[in-house]
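Engineer: Sharing a sequence plus its predicted fold:
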Amino acid sequence: MVKKIIIIGTFISLGIVIYVIYINSYAKYIPITHCGYDYLKEPEINTAEHKKNLAKVLNDNKVEWKLQDGEIYIQRKWVMNKMAINNFTNKANEAEYVKFIPFILKDPNVGYVEDQTLNVNLDNLKLVLNFNHEKWKMKNGELFITKKLALDKEMVHNYIVDANDEEYVEKLK
């Protein structure tokens, strides 16, 4: 009977030790974004600029991380929390600005597509962005928006529609 208790205690202790080691190990960071009811992996946004911004975000949030072979590795206990990783990704994307690109809904089956020929009144668009508390900046006469917003093509399209609606813009003034 005593042997069984010792064996069970040993297995429980071993399990706890393995779990603690696993939780305190590191896993490669892969950006994820919240989309509908689930989180989607977005490895294509893991650029050098994103990694630089992410390092600041992780430090601000006191998250243990390390850089290895140009990739960021985060302590596994954080990686297992998709909501936290999504928040880190969003904060890093808010710090990065990209050139504004207009999107239109060409076909509901295809989704939103880039349309450089679409005429958008930038002054109206800036009003709409300000009203919706979106960050933006002008550089060399071109509008730059946060990468977080640029990734949300539907929202960009909605802001363009609002900016082209003169009645709506007059209400904002």
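Structural biologist: Done, it's in.
Engineer: quick one: the helices in this protein?
Structural biologist: Assigned helices in the chain, in chain order: 2-23, 48-60, 76-79, 82-94, 122-131, 147-151, 153-163, 166-172 (criterion: DSSP state H).
Engineer: Buried deepest among those, which one?
Structural biologist: Among those, helix 147-151 has the highest mean neighbour count (mean count of other C-beta atoms under 10 Å), at a mean of 20. For every residue, glycine as well, the C-beta is placed using N, CA and C.
Engineer: sorry, back to before: which of the helices of the chain sits closest to Q68?
Structural biologist: Shortest separation from Q68 across the helices of the chain is recorded for helix 48-60, at 11.9 Å, computed as C-beta to C-beta.
Engineer: what's the domain layout of this protein?
Structural biologist: Residue ranges for the structural domains of the chain, counted by automatic domain parsing, are given in the record as 25-94, 97-172.
Engineer: got these as JSON lines, with distance to S13 and mean pLDDT columns?
Structural biologist: Shown next, in JSON lines, are these (distance: least, C-beta to C-beta, whole Å; pLDDT from 0 to 100):
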{"stretch": "domain 25-94", "distance to S13": "19", "mean pLDDT": "86"}
{"stretch": "domain 97-172", "distance to S13": "45", "mean pLDDT": "86"}
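Engineer: how about these in a markdown table, adding distance to I16?
Structural biologist: Written out in a markdown table, the entries for the domains of the chain read as follows (distance: least, C-beta to C-beta, whole Å):
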| stretch | distance to I16 |
| --- | --- |
| domain 25-94 | 15 |
| domain 97-172 | 39 |
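Engineer: M1: which of the ones you listed is closest?
Structural biologist: Comparing these by C-beta to C-beta, domain 25-94 comes nearest, at 36.7 Å.
Engineer: what's near enough to touch P43?
Structural biologist: Counting by C-beta atoms under 8 Å, 6 or more residues apart in numbering, P43 makes contact with 30-31.
Engineer: Compare the helices of the chain and give me the one nearest G141.
Structural biologist: Between G141 and the helices of the chain, the shortest gap by C-beta to C-beta is with helix 122-131, which sits at 9.0 Å.
Engineer: Could you name the helices and strands sitting against that closest one?
Structural biologist: strand 142-146, helix 153-163, helix 166-172 (3 or more C-beta pairs under 8 Å, 6 or more residues apart in numbering; DSSP states H and E).
Engineer: what sits up against that helix?
Structural biologist: For helix 122-131, the surrounding residues in contact (C-beta under 8 Å, 6+ apart) are 100, 135-136, 143, 145, 159-160, 162-164, 166, 168-169, 172-173.
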